[in-house]
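Participant: Sequence plus the predicted model coming up.
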Protein chains: 2
Amino acid sequence: MDVESPQEIADLLKDHVLHPAEAADLLKDASAEQVAEVVKVLDEQQTADLVEHLDLAIQRDLVNYIPRGHMAKVIERMAHDARVDLVKELPEEVADSLLPLIARAERMDIARLASYEEGTAGSVMTTEYAVVSVDATVEAAIRELRRQAPGEQTGSEIYVIDADRKLVGSVTLRDLLLSKPEQQIRNIMKTDIVTVNATDDQEKLGEIFSKYEISTVPVVDDAGRLVGRITAADVIDVVEEEADEDIYRLGAAGQPIDYLRASILKIARQRLTWLLILVGTGLITSSLLQHYQAELTTAIALAFFLPLLSGSGGNAGSQTTAVVIRGLSTGEIQLSDVWRVVLKELAVGLMVGTVLGVFAAARALLVPGGFQNLRLGLTVGLAMTGTVTLAKALGALLPIFFQKIHLDPALMSAPFISSIVDILTIITYFTLARLIYLR
Amino acid sequence: MDVESPQEIADLLKDHVLHPAEAADLLKDASAEQVAEVVKVLDEQQTADLVEHLDLAIQRDLVNYIPRGHMAKVIERMAHDARVDLVKELPEEVADSLLPLIARAERMDIARLASYEEGTAGSVMTTEYAVVSVDATVEAAIRELRRQAPGEQTGSEIYVIDADRKLVGSVTLRDLLLSKPEQQIRNIMKTDIVTVNATDDQEKLGEIFSKYEISTVPVVDDAGRLVGRITAADVIDVVEEEADEDIYRLGAAGQPIDYLRASILKIARQRLTWLLILVGTGLITSSLLQHYQAELTTAIALAFFLPLLSGSGGNAGSQTTAVVIRGLSTGEIQLSDVWRVVLKELAVGLMVGTVLGVFAAARALLVPGGFQNLRLGLTVGLAMTGTVTLAKALGALLPIFFQKIHLDPALMSAPFISSIVDILTIITYFTLARLIYLR
């Protein structure tokens, strides 16, 4: 579909020809004012469906173009997790003027969901779910379900709670459909259900969904009471976000941002933070080399291999850091695996370092200089093996250590580890040169 | 739970106290023989549930410890996508001896699913779904659903097909439950449903699920006929896999492997492939520096800044490559955005390059040498700005170019781009030195 006028989009939405998510796509570059033109002709539910799919920044601005009373009704009809995100995004005075207009039950729901910390299971859950009492019969349960809003967003699993709202089991609509009306829910419910706690880290969710092959998981509080539900679609978003973070940090690119929309200045500022830190360590290499000026002057050939050594160390470290950061993030590597991983990387480092050392040494032999070059070859070769081994060991150790002291392991980005390895490489290289080449 | 004996695990499984996924976790380091001990006391369905959750390598070996006839029954009861994966993994002669023992309908199902290429939507879909005819009444549809195996794995969405098996809509169990028995399915079904084609790239799935906030999507063939269904749990696996690949390739670590289990030799071989390619480009830097030997000897201070320049170029490139590779993979960046992205990175590169250039130049002024050092400072500063700008432009351009010529953009790993930038940096640096510093 080509670019449409707001009027056209509104008409297509009104007639249910266009999915709200697709309408939001078409309105991707539209201003809040243009979006307001579209929603003017939609009813509250249609507006809510569209608004949910818009960028949060547009949602926020849109509030200024819609009468408060009408906006309150729209918010009431939005998905529970989407409306919490919107209310949290609004300037305080706007939220304060809107909230009193929203129905009490919805308002309390927003307050409750907003109280969960960013990054917890509670912060991504929704409070839309279907629930029946453990003491009900199948017939009573079906009657109760008809009474509960029959939104599609409640999923196919119906949670079973006791008198204290404690989650005790689950049934599916299919179970109800296939059971005799007079049977007890207690007798047909499944009791071995997977749950998550509202305060659990959202990073765990992907692992749980893929391990148990479930499409939705109930969320309970510390007392085991049902407080919400997380859908697989929410988890997909979380998994994508976590992967984005891993990749950005591995590349020392900071926090993921909306790249195509972000201003050049904003991107530059974000990148510069890390580059300045890394230049800091880079300046140490300059000082070290200045310190080794005498050796360099005596044997200029030593300089030829500086970028090769520093590059190989960086590359060897990047490989390990990528594997370890991702492994820590998906749970494949645990903190308790630290020595197993470090020893494995040391062994791998020695093996590949030896092969690369042979190549580097062979290249050094090509420098004109006769017999003396055997010593240069040995120096360069050993330095290469040392650098690669060191890079692999540090590339494994530092991210795990950071995780252990509760810092994000991805702060130990590949560039950062390369920088540290650079410093150690220069010291090793010139120490070897003094011992072997320059005697 | 601490390590359990096979007998204990079997007992817990038999009594439904232990979830098969958790049993599989406990058996993570067990041999196929030990697992065979466990399944000996389980019935076919319980065995199927456990086997599905085991590593594919263990599943494959397990086949040798279980009588063929029994194994065939187990395979019949496994989830449709899991059993296809297993059959594909078996040695041809084992598969050939097993397949004739499997019921015909299941065998055809396996053959059909196995025919979809790795990486397509068809390869991750399952053929377990519930389906009703568009011409049925609600009452007839419920009767038909009761007849279809009432497995939980069919989900809450029921697909509606016409006489040609073309997918024309969907209803939920809830819709059926809330409608009058004599109503026509045609009149209560939802028709604006999201579908994917069996040949679509699986990379798209995450985007579709998160855009439309769905928990399951029907899969159709080119003629619009229903052929399968993809669940969000499957998509979570796909999204994690794709992210793993992005991260591994960004770090030039090759294809994701089962790290903790892989032998040191296997890991070393995988890493070495890339390191040797990168050492190849690294050797070019040695030759270049040998070529510039005269300049280096005249002005040894030039050597002090080699690791700083090469490191900063690598870091600046890593940042951009991380952002662009991830953006291409999630669809945030399109091929058509190429010039927009490259220009943006050029601008960002110039800005951060200038700041870093000032720092590098200031450091160069600290080298003893009087007035002459103003020229050294200018050389180092300009080289830094050039390197960073170039690294950012190439870090954006090369992955997009690779995508354009249908190669994986992540083959342009951060280390690879750093290596290319290294070569260009040295040429720029010494050209500037000749023009400014060494006149």
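Facilitator: Arrived safely. Bear in mind the structure is a predicted one, so any value in this text is a computation, not a measurement. Numbering: from 1, shown residues only, chains lettered A, B, ... in the order given.
Participant: ok, and does stretch A:366-377 reach over to chain B?
Facilitator: Yes: residues of stretch A:366-377 contacting chain B under CB under 8 Å from any CB of the partner chain: residue A:367. Bear in mind the C-beta positions are built from the backbone N, C-alpha and C, glycine included.
Participant: contacts for that stretch?
Facilitator: A:299, A:301-302, A:304, A:361-362, A:364-365, A:436-437, B:290 (CB atoms under 8 Å, 6 or more residues apart in numbering or on different chains).
Participant: from those, which two are the most distant?
Facilitator: Maximum pairwise distance among the contacts of stretch A:366-377 (CB to CB): 20.0 Å, between A:436 and B:290.
Participant: which residues of chain A score low on pLDDT?
Facilitator: A:1-4, A:149-155, A:370-371, A:410 (pLDDT under 70).
Participant: Grab the longest helix from it for me.
Facilitator: helix A:372-404 (DSSP state H).
Participant: thinking in terms of the whole chain, how far from its middle is that helix?
Facilitator: Chain-centre distance of helix A:372-404: 31 Å, with CA atoms, centre = their mean, to the nearest Å.
Participant: Sort out which residues of it are buried, please.
Facilitator: Buried residues in helix A:372-404, counted by 16 or more other CB atoms under 10 Å in any protein chain shown: A:373, A:375-403.
Participant: which of the residues in whatever helix or strand comes next after it are buried?
Facilitator: With elements assigned by DSSP states H and E, the helix or strand that comes after helix A:372-404 is helix A:414-432. For helix A:414-432, a neighbour-count test (16+ other CB under 10 Å) marks A:414-423, A:425-426, A:428-430, A:432 as buried.
Participant: which among the residues you listed are in contact with chain B?
Facilitator: Okay, of these touching chain B (CB under 8 Å from any CB), that's A:414-415, A:418-419, A:422, A:426.
Participant: which one among those residues gets closest to residue B:224?
Facilitator: Of those, the one sitting nearest to residue B:224 (CB to CB) turns out to be residue A:414, at 46.4 Å.
Participant: what sits against that closest one?
Facilitator: Residue A:414 sits next to A:250-252, A:314, A:317-318, A:321-322, A:395, B:251, B:318, B:414 when contact means CB under 8 Å, 6+ apart.
Participant: Around residue A:194, how many other residues sit close by?
Facilitator: 15 (other CB atoms under 10 Å in any protein chain shown).
Participant: Torsion angles phi and psi at residue A:17?
Facilitator: phi -90, psi -30 (degrees, to the nearest 10).
Participant: same check, this time on residue A:198
Facilitator: phi -60, psi -30.
Participant: gap between it and chain B?
Facilitator: 20 Å (CB to the nearest CB, to the nearest Å).
Participant: Next: residue A:64.
Facilitator: Relative to chain B, and taking CB to the nearest CB, residue A:64 is found at 26 Å.
Participant: what's around the spatially closest residue to that residue that is not a sequence neighbour, how many residues?
Facilitator: In space, residue A:64 comes closest to residue A:32 once its chain neighbours are excluded; the distance is 7.0 Å by CB to CB, 6 or more residues apart in numbering or on different chains. Residue A:32: 18 surrounding residues under other CB under 10 Å.
Participant: got the contact list for residue A:32?
Facilitator: A:58, A:61-62, A:64-65.
Participant: which of those has the most neighbours?
Facilitator: Busiest of the contacts of residue A:32 [other CB under 10 Å] is residue A:62, holding 24 neighbours.
Participant: Please settle this for me: is it part of a helix?
Facilitator: Yes: assessed with DSSP: H, G, I helix; E, B strand; the rest coil, residue A:62 lies in a helix.
Participant: Against residue B:383, how distant is the nearest residue to residue A:306 once chain neighbours are set aside?
Facilitator: Leaving aside its sequence neighbours, residue A:306 sits nearest to residue B:306 (CB to CB, 6+ apart; 4.9 Å). According to CB to CB, to the nearest Å, residue B:306 and residue B:383 sit 10 Å apart.
Participant: For chain B, what's its nearest residue on the stretch 51-200 of chain A.
Facilitator: residue A:156 (2.7 Å; CB to the nearest CB).
Participant: any idea how far that residue lies from residue A:172?
Facilitator: From residue A:156 to residue A:172 the distance is 5 Å (CB to CB).
Participant: Same check on residue A:240?
Facilitator: 28 Å.
Participant: and the residue nearest to residue A:306, how many residues sit next to it?
Facilitator: So residue B:306, with other CB under 10 Å, has 24 neighbours.
Participant: so residue A:179 touches residue A:138, yeah?
Facilitator: Yes: Residue A:179 lies in contact with residue A:138 (CB atoms under 8 Å); the separation is 4.8 Å.
Participant: Common neighbours of these two, please.
Facilitator: Common neighbours of residue A:179 and residue A:138 (CB under 8 Å, 6+ apart) are residue A:188.
Participant: Those two: which has the busier surroundings?
Facilitator: More neighbours surround residue A:138 than the other of residue A:179 and residue A:138, with 22 against 19 (other CB under 10 Å).
Participant: Contacts only, for the more buried one.
Facilitator: So residue A:138 contacts A:176, A:179-185, A:188 (CB under 8 Å, 6+ apart).
Participant: The closest residue to residue A:213 other than its chain neighbours: neighbouring residues, count only.
Facilitator: When the adjacent residues along the chain are set aside, residue A:213 lies closest to residue B:233, with 4.7 Å between them (CB to CB, 6+ apart). Residues lying near residue B:233 (other CB under 10 Å) number 21.
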